[in-house]
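1. sequence first, then the predicted structure, then my questions.
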Amino acid sequence: MEQHKAPSLLATSDKDPFDGPGNVKAWSEGLRHVRPLLVPGAGHGMAIYYDVRDEVLEFVKQLKIAD
């Protein structure tokens with residue numbers, strides 16, 4: 001995440017069994033272009049889709065893509 005400057009959203013559940021919260025914190029700490037998103041539960045991967053989809057959509061809508 002440090003090697004690029006593209007806006008990024010990192011989403012995980014707060015009890016992800018693969019240390020999602022720790023990874024999101026480590027990978028976003030001090031990086032203004034990286035937004036962490038923690039949702040309740042222990043889901044992993046697509047298991048949190050319905051918990052994050054609205055925020056992902058809003059994040060994408062805010063991106064400014066150059067033509």
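-> Nice, thanks for sending it over.
2. next, the closest residue to L37 other than its chain neighbours: secondary structure please.
-> Nearest residue to L37 in three dimensions, chain neighbours excluded: A11, at 4.2 Å (Cβ to Cβ, 6 or more residues apart in numbering). Quick note: C-beta positions are derived from backbone N, CA and C, even for glycine. Using DSSP: H, G, I helix; E, B strand; the rest coil, the secondary structure recorded for A11 is strand.
3. where does A11 land on pLDDT?
-> What the model reports as pLDDT for A11 is 98.
4. what's the local residue count around it?
-> Using other Cβ atoms under 10 Å, A11 has 20 neighbouring residues.
5. ok, residues contacting stretch 4-23?
-> 1, 24, 27-28, 33-44, 47-48, 51-52, 55-56, 59, 63 (Cβ atoms under 8 Å, 6 or more residues apart in numbering).
6. could you rerun that using 7 Å?
-> Counting contacts by Cβ atoms under 7 Å, 6 or more residues apart in numbering, the residues outside stretch 4-23 that touch it are 1, 24, 27-28, 33-44, 48, 52, 56, 59, 63.
7. residue closest to the middle of the protein?
-> In the chain, the centroid-proximal residue (Cα atoms, centre = their mean) is L10; its distance is 1.6 Å.
8. excluding chain neighbours, what is closest to that residue?
-> In space, and not counting its chain neighbours, L10 is closest to V24: 4.6 Å by Cβ to Cβ, 6+ apart.
9. that neighbour: which element?
-> Under the criterion DSSP states H and E, the helix or strand holding V24 is helix 20-28.
10. equivalent analysis for R35, please.
-> The secondary structure element spanning R35 is strand 34-39 (assigned by DSSP H and E).
11. if we can go back for a sec, which ones are touching the residue nearest to L10?
-> Taking Cβ under 7 Å, 6+ apart as the criterion, V24 is in contact with 10, 12, 36, 38.
12. and the pLDDT for K64?
-> 74.
13. could you check how many residues crowd around it?
-> Residue neighbour count, defined by other Cβ under 10 Å, stands at 5 for K64.
14. what's the mean pLDDT across stretch 45-54?
-> The average pLDDT within stretch 45-54 is 97.
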